[in-house]
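Trainee: Next come a sequence and a model predicted from it.
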Amino acid sequence: MKKLALMALLGLMNAAPAFAQGDYVYENDRRYCASGRSGMDFNSCMWRLRNDREREDRRDYERREYEQRREYERRQRWQEPAPVYVPEYQRQPQYQQERPKLSDMQQRALDNCNLLAPRDQPRCRATVMSTVR
């Protein structure tokens with residue numbers, strides 16, 4: 001009886017580190033494969049469970065990475081453009097602003113600004129207009 005109690009105590013002591021490390025998954029897999037319910041031999045069963053779990057982890061990682069990339073691209077797409085700075089001495093009241101004469105090249109460049117993304121258009125127009133004297 002004492003030997004049986006001692007063996008049970010030693011068995012619990014050997015199992016404690018595995019549970020303390022949180023290795024429940026391995027222990028449950030080992031028990032399942034050893035029971036024979038899987039219909040495979042022990043090594044094949046353990047190999048398949050480990051591979052299935054790794055594949056599932058990889059899918060979760062790739063899914064999270066894909067979602068983060070989509071969120072980043074969405075934020076970049078709708079990000080407001082930086083405001084174009086116009087010094088105070090160049091600012092004029094709205095009623096005094098008149099469109100300056102543009103050369104043919106400047107007019108074509110200004111027309112091409114409309115082909116850009118909406119967030120880039122103000123910067124393009126400001127660049128073209130800065131070449132006007």
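Mentor: Here it is on my side, so go on. Numbers count the residues shown, from 1 in each chain.

Trainee: On the three-state scheme, the closest residue to residue 123 other than its chain neighbours is what?
Mentor: Nearest residue to residue 123, sequence neighbours excluded (C-beta to C-beta, 6 or more residues apart in numbering): residue 84, at 5.9 Å. For glycine as for every other residue, the C-beta is placed from the backbone atoms N, C-alpha and C. With DSSP: H, G, I helix; E, B strand; the rest coil as the basis, residue 84 sits in coil.

Trainee: residue boundaries of the strands in the chain?
Mentor: Using DSSP state E, the chain contains no strands.

Trainee: need the helices for it, in chain order.
Mentor: Using DSSP state H, the helices of the chain run over residues 2-20, 24-35, 42-77, 104-112, 121-130.

Trainee: from the ones you listed, which stretch is densest packed?
Mentor: Compared across the helices of the chain, helix 121-130 shows the largest average neighbour count, a mean of 15 (mean count of other C-beta atoms under 10 Å).

Trainee: if we can go back for a sec, phi and psi next, for the residue nearest to residue 123.
Mentor: Note on residue 84: backbone dihedrals following degrees, to the nearest 10 are phi -80, psi 120.

Trainee: returning to what we had before: rebuild the helices of the chain as CSV, extending it with distance to residue 88.
Mentor: Output for the helices of the chain, formatted as CSV (distance: least, C-beta to C-beta, whole Å):
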stretch, distance to residue 88
helix 2-20, 69
helix 24-35, 67
helix 42-77, 32
helix 104-112, 24
helix 121-130, 16
